[in-house]
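K.L.:
I would like the atomic coordinates for the input below:
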Amino acid sequence: MCDICDARGMNRRKALTMGIAAGSLAAAQSLNAPAHAQSAARPAGALPERGEYIIRNAHILTMDPVLGDISGGDIHVRNGQIIAVAKSIAAPGVASIDAKNMIAMPGMIETHWHMWGTAARNMAGDEEKTGYFPYSRVLGAIFTPEDNARGVRLGLAESINGGVTCVNNWSHNLLSPDYADAELQAHKDFGGRALFSYGYSRKTGQNQPLPLDDVARVQREWLPRLDGLITLGIASRGPENNTIDICVKEWEVARKAGWRITSHMGTTRDVFLAKRGVRALNNAGLLGPDVLLVHNTNTDRADLELIAKTKTFLSLSPFTELRTGFGVTPIFEMLSAGDAVSPSIDTALLCGNCDMFSIMKAMQNIGDGARQSEFALPARRVLEMATIDGARALGIADRVGSLTPGKRADLILVRTRDLNMAPMTEPVHMIVQSAQPSNVDLVMIDGRIVKRDGKLVSVNVDKVVDDVNETMDRVRGEVARQNRTAADVLKELPNQHPQQ
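P.N.:
Predicted coordinates for the structure are as follows:
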């Protein structure tokens, strides 16, 4: 049980239009219960119940090529599943949610995020000794399992608030199995959808394999407890840090177990030229549709064509790629080669916040700027990257990524009458170019309403913030007490490529 979650009552100003069916009545009464009543009726940390709802009168961006966009349409959800999407749905007795003046769309899907580091937001400094790569090792070595979990909780709270319904927790500060357990418990408590990519730690040196036995333990012990919301993968250090033989072993185990595989690639020009990681993976038969390469900022046409040919996916984080000096994200070159790309937050140490709307806008602007054309990268194509393409990259497009009947109900409602959104013009452009997390009115994940009337339903925000403040006060004090610098940490790992 998580003591940072509570049931915050929803704004009664938006009453549900009630049906007469007893089941719907009970669901709606639970939805509108005051905070103190909900708290008393269930343990702290309990998630909202799934119910049956009709979302009415929304401008729907289904991201389904057959259904298309529907102006003034309805969405029927029952027990976590999308039952129907149409111009008008007759469902007597089912609770209604009025979505007039709102855009309904799939929840956004993030594809690479070192979530533990959200607790150390903005700690990447302006000089080498506090640079992200070495300094994250200084911090990570001091973090406890609970500190990791606090970073994950903060990230999940911010992502849900901003309309992100699925993340790829690219967990690379797992100093022991306890760290993995703490992060997974945070995911369980918050109820979001995720790929948990089991990685290494801030103390891992070069040519050290992942603890694959513990990944298998997580599969046995955790996945049956996570309500189908969490899938499992590995965050391999790949050929830029390990031998290709280690990569082959990790890939073999992952593929046999059905785990997704992710790895950083092409972070600097020097590393790209020295390691030729994409070609090394291709020569070993390791590229493929179960592989997600992250960044690949430094690349060439031949590598991009290999990635496309093997149906390997790419995850891009334009803000951190710029901030850390990898270079300008070559999004247009990737798309022109036929690569499948999706957006990434990466780390709040560098990018500052976890706003996927801003990342979409950046991706479009970088693409247009690189091509020197206003029309190079349409807004709808960018929205596809953040929804259905993200789902494909994480291997869950059969479940989420579009508002298609039969899929799970991961969706958001975005207000169109807020000052930064008005007037109502082109809905796709409004989402990509104008929307902000503050415009997200409702978030539903697997049929559970986790944000409503612009407020998180089951997260105690004050507790989340208090916890991360305590973590960073303590960790920064310990850094000062130890007087250990980034250089000291790197000396302990003499063969370590610093940009991992």
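K.L.:
Ramachandran coordinates for Thr144?
P.N.:
With angles defined as degrees, to the nearest 10, Thr144 sits at phi -90, psi 170.
K.L.:
Just the pLDDT for it.
P.N.:
Looking at Thr144, its pLDDT is 97.
K.L.:
And for it, the neighbour number?
P.N.:
15 (other CB atoms under 10 Å). The way it works is simple: take the backbone N, C-alpha and C, and place the C-beta from them, glycine included.
K.L.:
Can you tell me how far it is from Pro177?
P.N.:
Here Thr144 is placed at a distance of 14 Å from Pro177 (CB to CB, to the nearest Å).
K.L.:
Beyond the lowest-mean-pLDDT helix or strand in the chain, next helix or strand please.
P.N.:
One helix or strand of the chain scores below all others by mean pLDDT, DSSP states H and E: helix 35-41, with a mean of 30. Under the assignment DSSP states H and E, the closest C-terminal helix or strand after helix 35-41 is strand 52-61.
K.L.:
Convert that following strand to PDB, retaining C-alpha atoms only.
P.N.:
Below are the C-alpha coordinates for strand 52-61, written out as PDB (Å, rounded to 0.1, in the frame of the first residue of the first chain):
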ATOM      1  CA  GLU A  52     -19.300   2.100 -17.500                       C
ATOM      2  CA  TYR A  53     -19.500   5.500 -19.100                       C
ATOM      3  CA  ILE A  54     -20.600   7.300 -22.300                       C
ATOM      4  CA  ILE A  55     -18.400  10.300 -23.200                       C
ATOM      5  CA  ARG A  56     -20.600  12.600 -25.100                       C
ATOM      6  CA  ASN A  57     -20.300  15.400 -27.600                       C
ATOM      7  CA  ALA A  58     -16.500  15.400 -27.900                       C
ATOM      8  CA  HIS A  59     -14.400  16.200 -31.000                       C
ATOM      9  CA  ILE A  60     -12.800  12.800 -31.200                       C
ATOM     10  CA  LEU A  61      -9.300  12.200 -32.700                       C
END
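K.L.:
Parallel or antiparallel, list what pairs with that strand.
P.N.:
Strand pairing for strand 52-61, determined by DSSP bridges: strand 69-78 (antiparallel), strand 95-98 (parallel), strand 102-106 (parallel).
K.L.:
can you list the ones you listed in TSV and add mean neighbour count?
P.N.:
Formatted as TSV, the strands paired with strand 52-61 follow (neighbours: other CB atoms under 10 Å):
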stretch	mean neighbour count
strand 69-78	20
strand 95-98	21
strand 102-106	26
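K.L.:
in stretch 446-466, what's buried?
P.N.:
Buried positions in stretch 446-466, judged by neighbour count with 16 or more other CB atoms under 10 Å: 446-452, 456-461, 463-464.
K.L.:
Name the nearest of those residues relative to Met363.
P.N.:
Of all those, Met363 sits closest to Lys451, with 24.3 Å by CB to CB.
K.L.:
now the longest helix belonging to the chain: how far from the chain's centre is it?
P.N.:
Counting by DSSP state H, the longest helix found in the chain is helix 461-482. Mean-position distance between helix 461-482 and its chain equals 24 Å (CA atoms, centre = their mean, to the nearest Å).
K.L.:
Okay, now the unreliable bits of the chain?
P.N.:
Counting by pLDDT under 70, the chain shows low-confidence ranges at 1-45, 485-487, 489-500.
K.L.:
Grab the nearest non-local neighbour of the residue nearest the centre of it.
P.N.:
Note on the chain: the residue nearest the mean C-alpha position is Val167, at 2.2 Å, using CA atoms, centre = their mean. With CB to CB, 6 or more residues apart in numbering as the criterion, Val167 has its nearest non-adjacent residue at 4.5 Å, and that residue is Glu110.
K.L.:
try Leu304
P.N.:
Nearest residue to Leu304, sequence neighbours excluded (CB to CB, 6+ apart): Ala337, at 3.7 Å.
K.L.:
on that earlier part again, closest to Leu232 out of the strands paired with strand 52-61?
P.N.:
With CB to CB, the closest approach to Leu232 among these belongs to strand 102-106: 22.6 Å.
K.L.:
can you give me the strands for the stretch 51-200 of the chain?
P.N.:
Applying DSSP state E, counting those that start in this stretch to the stretch 51-200 of the chain gives strands spanning 52-61, 69-78, 81-86, 95-98, 102-106, 108-109, 164-171, 193-198.
K.L.:
can you put the ones you listed in a markdown table and add distance to Val253?
P.N.:
Shown next, in a markdown table, are the strands of the stretch 51-200 of the chain (distance: least, CB to CB, whole Å):
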| stretch | distance to Val253 |
| --- | --- |
| strand 52-61 | 39 |
| strand 69-78 | 38 |
| strand 81-86 | 33 |
| strand 95-98 | 45 |
| strand 102-106 | 32 |
| strand 108-109 | 26 |
| strand 164-171 | 17 |
| strand 193-198 | 11 |
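K.L.:
what's the closest of these to Ile431?
P.N.:
strand 102-106 (6.4 Å).
K.L.:
Tell me the gap between that closest one and the middle of its chain.
P.N.:
Chain-centre distance of strand 102-106: 18 Å, with CA atoms, centre = their mean.
K.L.:
do stretch 224-234 as well
P.N.:
Its chain's average C-alpha position is 14 Å from that of stretch 224-234, according to CA atoms, centre = their mean.
K.L.:
and if you look at stretch 288-301?
P.N.:
Relative to where its chain is centred, stretch 288-301 has its mean C-alpha point 18 Å off (CA atoms, centre = their mean).
K.L.:
cool, and stretch 311-325?
P.N.:
For stretch 311-325, the distance to the chain centre is 14 Å (CA atoms, centre = their mean).
K.L.:
Next, count neighbours for the residue nearest to Val167.
P.N.:
Glu110 - counted by other CB under 10 Å - has 32 other residues nearby.
K.L.:
Asp227 now?
P.N.:
Asp227: 14 surrounding residues under other CB under 10 Å.
K.L.:
Check the spacing between the nearest residue to it once chain neighbours are set aside and Arg399 real quick.
P.N.:
Take Asp227 and drop its neighbours on the chain: the residue closest to it by CB to CB, 6+ apart is Asp446, 7.5 Å away. The spacing between Asp446 and Arg399, counted by CB to CB, is 9 Å.
K.L.:
what's the overlap in contacts for the two?
P.N.:
Taking CB atoms under 8 Å, 6 or more residues apart in numbering as the criterion, Asp446 and Arg399 both touch Arg408.
K.L.:
circling back to that earlier point, can you name the residues bridging to the residue nearest to the centre of the chain?
P.N.:
Beta-bridge pairing of Val167 under DSSP bridges involves Ala194.
K.L.:
No more questions from me, cheers.
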